[in-house]
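Trainee: here is the input, now give the coordinates:
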Amino acid sequence: MKKMLLITASVVLMGVVSTANAQGAGEKTYKMACFACHGTGAAGAPKHGDKAAWADRIAQGNATLYDHAIKGFKGKTGFMPAKGGRADLSDADVKAAVDYMVSGSK
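Mentor: You can find the predicted model right below:
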């Protein structure tokens with residue numbers, strides 16, 4: 001029983017650490033590459049933390065948000081250049097930034 005609890009606690013801790021690392025990476029990418037538009041609303045970008053602006057976007061699901069952020073998207077209120085115009089970012093970096101913005105905008 002103790003061994004099972006120890007294993008379970010380790011798995012939970014790994015998940016918490018992994019989530020914290022992902023959030024840290026997402027915040028770093030946001031500050032480095034996304035803030036110019038998502039911090040100011042430039043080009044119609046929904047501002048980080050603006051629950052109303054993000055609600056319909058979040059409702060589309062993460063797969064759609066990732067696709068739009070990675071490949072680019074033109075919508076009714078503005079446009080999202082592929083990877084925010086930062087071709088040097090990996091897909092994982094972009095996804096982490098999306099996760100960071102979504103978590104702060106629910």
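Trainee: which stretches of this structure form helices?
Mentor: With DSSP state H as the criterion, the chain has helices at 2-29, 35-38, 51-59, 62-71, 91-103.
Trainee: touching stretch 63-71 from outside, list them.
Mentor: Outside stretch 63-71, the residues within contact range by C-beta atoms under 8 Å, 6 or more residues apart in numbering are 57-58, 73, 80, 82-84, 91, 94-95, 97-98, 102. (C-beta placed from N, C-alpha, C; glycine too.)
Trainee: now do the buried residues in stretch 23-31.
Mentor: Within stretch 23-31, the residues that count as buried by 16 or more other C-beta atoms under 10 Å are 25-27, 29-30.
Trainee: give the residue spans of this protein that score low on pLDDT.
Mentor: Applying pLDDT under 70 to the chain flags residues 1-22.
Trainee: re earlier: including distance to Lys47, could the buried residues of stretch 23-31 go into JSON lines?
Mentor: As requested, the buried residues of stretch 23-31 are exported to JSON lines (distance: C-beta to C-beta, whole Å):
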{"residue": "Ala25", "distance to Lys47": "21"}
{"residue": "Gly26", "distance to Lys47": "16"}
{"residue": "Glu27", "distance to Lys47": "15"}
{"residue": "Thr29", "distance to Lys47": "17"}
{"residue": "Tyr30", "distance to Lys47": "12"}
